[in-house]
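> the following block contains a protein sequence and its predicted model.
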Amino acid sequence: MSDLRTISEIAPLVQSGRLSPVDLVAGCLEAARTRSSLNAFITLMADQARADAERARSEIASGHYRGPLHGIPIAVKDLIDVAGTKTTSGSALPVTAAAADAPVITRLREAGAIIIGKTNLHEFAFGTTSDETAFGPVRHPLDESRSAGGSSGGSAVALATGMAFGALGTDTGGSIRIPSAVCGLVGLKPALGEVSTAGVVPLSGTLDHVGPMARSVADATLMHDVLTASSSTASAPQGPLTFGVPGSYFCDLLDAGARAALTRVREALVTAGHRVVDITIENAAWTPHVYLHIVLPEATCYHAPWLEPHGDDYSPGVRIRLEMGGYVLGEDYVRAMRLRDRLRSHVDRALAGLDALLLPAQPIGAPRIGAATVEFEGASVPVRAAMLRLTQLFNITGHPALAVPAGLGGDGLPRGVQIVGRSSAEVLAIGRAVERYSSGGDGSVGGGTG
């Protein structure tokens with residue numbers, strides 16, 4: 001049976017020797033084997049992981065315990081360089097093995113974490129469903145006909161099924177928070193620039209983030225602190241918290257499950273003595289226009305050397321989006337960068353007098369694989385536009401944003417809420433409080449108790 005305990009639960013057992021890293025790795029590899037139809041991994045680093053587990057067991061037994069990630073199997077999105085393995089980016093384009101670890105991998109290794117493998121993703125992180133990939137679509141663990149979200153879909157599935165105890169994802173428009181929300185997990189997009197993106201294949205250098213995906217907010221905090229070489233000592237403000245729910249734009253289009261999840265969490269927070277108020281983020285409707293005029297040309301610029309000689313190796317949808325970037329005018333790009341600054345100030349203004357923003361993490365549950373549109377609220381909405389709608393603003397502004405499970409919808413699929421604030425440490429601390437009311441406890445793999 002898959003082990004779905006949290007890192008916070010198992011780390012003391014590993015430290016004491018009651019639980020061996022060797023057994024943890026064996027369990028993760030077995031889960032990956034038995035649920036291989038989900039296409040969570042592109043490269044399983046089984047031999048290296050076993051060797052690293054033996055080394056970790058020896059180090060811990062000899063008194064050289066490095067901390068709560070020591071001996072813990074972690075999955076890594078295959079957009080991030082791991083020395084000696086190919087960084088495929090989910091693509092059929094020819095690649096060679098990475099010569100060195102990305103800085104985030106170095107941080108994990110220094111903490112004693114074991115890299116269990118490289119996870120599947122939407123090709124070059126340019127999508128929200130992880131179904132455009134040369135390695136087969138990533139399938140939802142509760143319904144294999146549905147998407148696991150994207151672009152970090154493989155990382156989410158590995159976590160939700162016991163193939164890893166933590167995972168790294170990347171987030172340019174929501175690619176950590178989207179799969180976390182639809183798979184019932186915790187996912188943090190840190191503040192812009194807080195975690196190094198060196199050694200990571202870029203989508204948009206302006207908006208790219210790297211962050212942790214986990215089974216609890218406590219686990220996400222442990223990983224965040226390792227990635228940033230810091231300690232999240234900040235706690236939530238004393239006394240009742242004040243949350244702002246941005247209604248206009250963010251709550252205009254929600255399916256019944258997402259709306260009910262937000263209402264449940266909001267009511268639970270108020271019952272617990274916190275304050276929740278309705279607010280507006282000025283000009284939030286600019287979001288998709290600003291986002292596209294930054295992401296498209298930056299992605300096209302990076303891929304330009306390969307688009308002509310290897311165009312047929314790209315997934316059709318990804319290739320189209322990359323080619324679209326060539327038609328964005330320079331003045332449109334400059335204008336979008338200026339509007340980015342204005343949107344940042346609008347979010348800062350909305351946060352004034354609040355501890356955090358509270359909003360849905362996704363307007364829908366997991367869509368069916370290959371679906372072009374989704375029907376809800378009496379409208380037919382493109383899947384990509386729907387899944388980016390609530391997340392991409394905070395890539396533009398750089399504010400930290402945390403997805404937390406918030407139960408299951410009437411369709412039996414997970415829903416989540418999103419917490420946005422001023423600093424990652426503060427958002428994580430507030431997330432611990434929200435988690436108690438959104439999922440009934442510390443961590444809630446699979447969508448929570450509702």
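Arrived safely, thanks for sending.
> for the most centrally placed residue in the chain, what are its contacts?
Geometric centre of the chain, nearest residue: I176, 1.5 Å, by C-alpha atoms, centre = their mean. Contacts for I176 (C-beta atoms under 8 Å, 6 or more residues apart in numbering) come out as 152, 169-170, 187-189, 209, 211, 213, 403. (Each C-beta comes from the backbone N, C-alpha and C, glycine too.)
> buried among those? Make that a PyMOL selection.
Provided next is the PyMOL selection string for whichever of the contacts of I176 are buried by 16 or more other C-beta atoms under 10 Å:
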select buried, resi 152+169+170+187+188+189+209+211+213+403
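> which ones among the contacts of I176 map onto helices?
If you go by DSSP state H, those have nothing in helices.
> and the contacts of I176, which two are the farthest apart?
Greatest spatial distance in the contacts of I176: T170 and A403, 14.3 Å, computed using C-beta to C-beta.
> where does this structure have low pLDDT?
1, 233-236, 440-450 (pLDDT under 70).
> quick one, domains of it?
Per automatic domain parsing, the structural domains of the chain span 7-228, 242-288+328-438.
> mind listing the strands for the stretch 251-400 of the chain?
Here the stretch 251-400 of the chain has its strands, by DSSP state E, counting those that start in this stretch, at 275-279, 356-360, 373-376, 379-382.
> figure out which of those strands is closest to A260.
Using C-beta to C-beta, the nearest of the strands of the stretch 251-400 of the chain to A260 is strand 356-360, at 10.2 Å.
> show me what that closest one is packed against.
Judged by 3 or more C-beta pairs under 8 Å, 6 or more residues apart in numbering; DSSP states H and E, strand 356-360 is in contact with strand 242-246, helix 256-271, helix 330-351, strand 414-420, helix 424-438.
> tilt between the last one and strand 414-420?
Taking axes from the mean of the first three to the mean of the last three C-alpha atoms, to 10 degrees, helix 424-438 and strand 414-420 form an angle of 140 degrees between their directions.
> what's the angle from helix 424-438 to strand 242-246?
80 degrees.
> for the fourth one, same thing?
For strand 414-420 against strand 242-246, the angle between stretch directions is 110 degrees (the same axes, to 10 degrees).
> within its sheet, name the partner strands of strand 414-420 and how each one runs.
Partners of strand 414-420 in the sheet, by DSSP bridges, are strand 356-360 (antiparallel), strand 401-408 (antiparallel).
> those strands into CSV, with extra columns for distance to N120?
Below are the strands paired with strand 414-420 laid out as CSV (distance: least, C-beta to C-beta, whole Å):
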stretch, distance to N120
strand 356-360, 26
strand 401-408, 20
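> and those strands: which comes nearest I42?
strand 401-408 (23.4 Å).
> that older thread, please work out which of the domains of the chain is packed deepest.
Of all the domains of the chain, domain 7-228 has the most neighbours on average by mean count of other C-beta atoms under 10 Å, namely a mean of 24.
> how long is that domain end to end?
18 Å (C-alpha to C-alpha, to the nearest Å).
> how far out from the middle of the chain is it?
Relative to its parent chain, domain 7-228 has a centroid offset of 10 Å by C-alpha atoms, centre = their mean, to the nearest Å.
> residue most distant from the centroid, the chain?
Quick read of the chain (C-alpha atoms, centre = their mean): farthest out is S62, 35.5 Å.
> from D3, how far off is it?
Going from S62 to D3 by C-beta to C-beta, to the nearest Å gives 25 Å.
> sticking with P68, tell me its helix or strand.
If you go by DSSP states H and E, P68 is not part of any helix or strand.
> distance of it from L159?
Per C-beta to C-beta, P68 is found 16 Å from L159.
> what about the strands in the stretch 51-200 of the chain?
Under DSSP E, counting those that start in this stretch, the stretch 51-200 of the chain gives strands at 73-77, 114-119, 139-140, 143-147, 166-171, 186-189.
> the closest residue to L93 other than its chain neighbours: neighbour count?
Nearest residue to L93, sequence neighbours excluded (C-beta to C-beta, 6 or more residues apart in numbering): D313, at 4.9 Å. The local packing of D313 (other C-beta atoms under 10 Å) involves 15 other residues.
> which residues sit in contact with D313?
Counted by C-beta under 8 Å, 6+ apart, D313 has contacts 91-94.
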